[in-house]
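S.K.: turn this into a model:
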Amino acid sequence: MTVVYTFAMEVGIRELRARWSDYLDRVREDYELVVTDRGTAFARIVPIAGGRALDRAFAEGLVTRASLSTRSRPSQRTKSRGTVSDLVAEQRR
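M.R.: Just a heads-up that it's a prediction; the model follows:
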């Protein structure tokens with residue numbers, strides 16, 4: 001299925017880098033951007049129809065968000081002597 005946007009713009013990569021936020025605002029307004037490098041088109045930036053796929057899956061109940069886990073921490077901290085590189089060298093022996 002090919003979607004044709006009513007509003008399309010061609011922009012060079014240098015211009016896109018210089019005014020990135022402005023061009024993303026245009027995409028939000030339903031523009032399609034065709035990015036060119038020395039006059040040759042190599043990419044398209046288009047708005048996502050219907051939002052992100054993951055957001056749609058949450059809304060449709062296909063997936064659920066993970067619950068916050070309560071991970072326990074060790075009761076004692078390991079006390080060490082010396083530098084980290086000394087400890088690593090010791091563990092490798």
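S.K.: residues in contact with residue 22?
M.R.: Applying Cβ atoms under 8 Å, 6 or more residues apart in numbering, one finds that residue 22 lies in contact with no residue. C-betas here are computed from N, CA, C, even on glycine.
S.K.: ends of stretch 8-22, how far apart?
M.R.: From the first residue to the last, stretch 8-22 extends over 15 Å; the measure is Cα to Cα, to the nearest Å.
S.K.: in it, what counts as buried?
M.R.: Neighbour counts over stretch 8-22 (16 or more other Cβ atoms under 10 Å) mark 11, 16 as buried.
S.K.: helices along the chain, start to end?
M.R.: Taking DSSP state H to define them, one finds helices in the chain at 13-18, 20-28, 53-59, 84-92.
S.K.: so for the third one, mean pLDDT?
M.R.: The average of the pLDDT scores along helix 53-59 is 81.
S.K.: ok, now stretch 76-84?
M.R.: Mean pLDDT, taken over the full extent of stretch 76-84, equals 74.
S.K.: ok, now stretch 32-45?
M.R.: The pLDDT scores in stretch 32-45 average 94.
S.K.: and the residue nearest the centre of this structure?
M.R.: For the chain, the residue sitting closest to the mean C-alpha position, by Cα atoms, centre = their mean, is residue 52 at 11.5 Å.
S.K.: to residue 36, which of the helices of the chain lies closest?
M.R.: Comparing those against residue 36 with Cβ to Cβ, the closest turns out to be helix 13-18 (6.9 Å).
S.K.: distance from that closest one to the middle of the chain?
M.R.: Using Cα atoms, centre = their mean, to the nearest Å, the distance from the centre of helix 13-18 to the centre of the chain it belongs to is 20 Å.
S.K.: quick revisit: got a markdown table for the helices of the chain, with distance to residue 44 too?
M.R.: Shown next, in a markdown table, are the helices of the chain (distance: least, Cβ to Cβ, whole Å):
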| stretch | distance to residue 44 |
| --- | --- |
| helix 13-18 | 12 |
| helix 20-28 | 10 |
| helix 53-59 | 18 |
| helix 84-92 | 48 |
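S.K.: of those, which is nearest residue 7?
M.R.: With distances scored as Cβ to Cβ, the stretch of the helices of the chain nearest to residue 7 is helix 20-28 (7.9 Å).
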